[in-house]
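**Student:** Generate a structure from the sequence data that follows.
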Amino acid sequence: MVKPFLMGSDSAENYLDIGLKILREKGTALDAIEQTCRAVESNPDDHGVGLGGIPNLAGEVTLDASIMCGRTLGAGSVAHIKNYLHVITLARKVMDDSPHVLLVGDGAELFAEYNGFKKTKLLTPYAEEFYNAFKEKRLHELGPEYDQDKGYLREDEQDYDTGTWFNLLEPHMRGTVNVMAMDINQNIATAVTTSGTYLKLPGRVGDSPIIGAGNYCDNRYGAACCTGTGELAIRNGTARAVVAYMKMGMGPTEACEESMKEIQEIVEIPTMNVIAFNRDGETGGASTYREILYYYMDHDSVKVENRKGAWVKK
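**Tutor:** Predicted structure coming up:
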């Protein structure tokens, strides 16, 4: 029997203990990942998830999320949410209390209002100033607290046509949080929540709310979640592919590596990451462009464990 555990991507590192407490109290994997994601969504200093997310090219913060149950293969997703913070909880509400899997835009917000969710202003002063400085071409005037985010928007890229500009921006993009867990009953659950690509085109939705692309789990085989360029995960069905490879007998690391090789066949220099675990509790991860780190805690953990995934090079 595998002892309860959870794991996550970069933004989850400081919040895994929230989910672990639930697992230690014999709570469900679904509850553990939802509450962990909610904490990340509430952090205004994380500019790729929830409150404090960098807006799109129209100056609007829009959020996407998905959640999946490995026992039933039930899933819920929401996309292009402008007025509600805890989109992971809204996604779970879609899974638990609607006949659908994915709700988007105005319809998703109507569903949120009907179910008593409170509206939240998502654009923080930091994100608003960042957006205005980008629009007015004065990023160079921003203080050192903006240095990390400015690195993703080199000013010599601002005058390119949209397609070229996003291709140049792609290797520098970040954001999105993955949280995955197995509980005492050996049930698996996965969650992804994001504010999406910095300064994306209005209406853009990536892989995070797309079941099978950015998020997938199945009690029989394991779980996988993605970060990086969502368009690539959508085109390749990456999360589902990783779980399928584990079904075929690959370990989590090998399955992740194989999926990254597939991504590398799509574009010249991809920016993609995936993390996974199998039903035996073995974990893994892979990236097309770096030595990926992911974060792990189990029932007996005293602190968060940093685990290293594979860097898949051409």
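**Student:** what residue ranges in the stretch 1-150 of the chain score low on pLDDT?
**Tutor:** Along the stretch 1-150 of the chain, the model assigns pLDDT under 70 to residues 147-150.
**Student:** All the helices of it, residue numbers only.
**Tutor:** 16-24, 29-41, 87-97, 105-114, 125-135, 147-150 (DSSP state H, counting those that start in this stretch).
**Student:** I'd like to know how far the closest residue in space to L122 that isn't next to it in sequence sits from G230.
**Tutor:** Among residues not flanking L122 along the chain, V61 sits closest, at 3.9 Å (C-beta to C-beta, 6 or more residues apart in numbering). (Glycine included, C-beta is placed from N, CA and C.) Look at V61 and G230: by C-beta to C-beta, to the nearest Å, they are 17 Å apart.
**Student:** same thing with I88?
**Tutor:** 17 Å.
**Student:** M297 now?
**Tutor:** Counting by C-beta to C-beta, the gap from M297 to G230 is 27 Å.
**Student:** ok, those two, which is more surrounded?
**Tutor:** Between M297 and G230, counted using other C-beta atoms under 10 Å, the more crowded position is G230 (28 against 24).
**Student:** residues contacting the more buried one?
**Tutor:** For G230, the contact set (C-beta atoms under 8 Å, 6 or more residues apart in numbering) comprises 196-197, 205-208, 210, 213-214.
**Student:** wait, what's in contact with L30?
**Tutor:** 67, 69, 92, 187, 189.
**Student:** How about the second one: which residues does it bridge to?
**Tutor:** So the one you mean is C69. Beta-bridge partners of C69, counted by DSSP bridges, are A189.
**Student:** can you count the residues close to the residue lying closest to Q35 once chain neighbours are set aside?
**Tutor:** Of all residues not flanking Q35 in the chain, I18 sits nearest, at 5.4 Å (C-beta to C-beta, 6+ apart). Neighbour count of I18, defined by other C-beta under 10 Å: 19.
**Student:** just S301 next, same as before
**Tutor:** Neighbour tally, S301, other C-beta under 10 Å: 16.
**Student:** which residues of the stretch 151-300 of the chain fall in strands?
**Tutor:** Secondary structure of the stretch 151-300 of the chain, counting by DSSP state E, counting those that start in this stretch: strands at 177-182, 188-194, 215-218, 222-228, 272-278, 283-287, 293-298.
**Student:** Which among those strands is found nearest to E128?
**Tutor:** Of all the strands of the stretch 151-300 of the chain, it is strand 188-194 that lies closest to E128, at 19.1 Å by C-beta to C-beta.
**Student:** Can you tell me which helices and strands the closest one packs against?
**Tutor:** helix 29-41, strand 63-69, helix 87-97, strand 177-182, strand 215-218, strand 222-228 (3 or more C-beta pairs under 8 Å, 6 or more residues apart in numbering; DSSP states H and E).
**Student:** Serialize the ones you listed to a markdown table and add fields for distance to S287.
**Tutor:** Converted to a markdown table, the helices and strands packed on strand 188-194 look like this (distance: least, C-beta to C-beta, whole Å):
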| stretch | distance to S287 |
| --- | --- |
| helix 29-41 | 20 |
| strand 63-69 | 21 |
| helix 87-97 | 24 |
| strand 177-182 | 13 |
| strand 215-218 | 17 |
| strand 222-228 | 8 |
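**Student:** what sits against the nearest residue in space to I188 that is not next to it in sequence?
**Tutor:** Nearest residue to I188 in three dimensions, chain neighbours excluded: G70, at 3.3 Å (C-beta to C-beta, 6+ apart). By C-beta under 8 Å, 6+ apart, the residues touching G70 are 29, 187-190, 217-219, 223.
**Student:** That's all I had, so thanks and see you.
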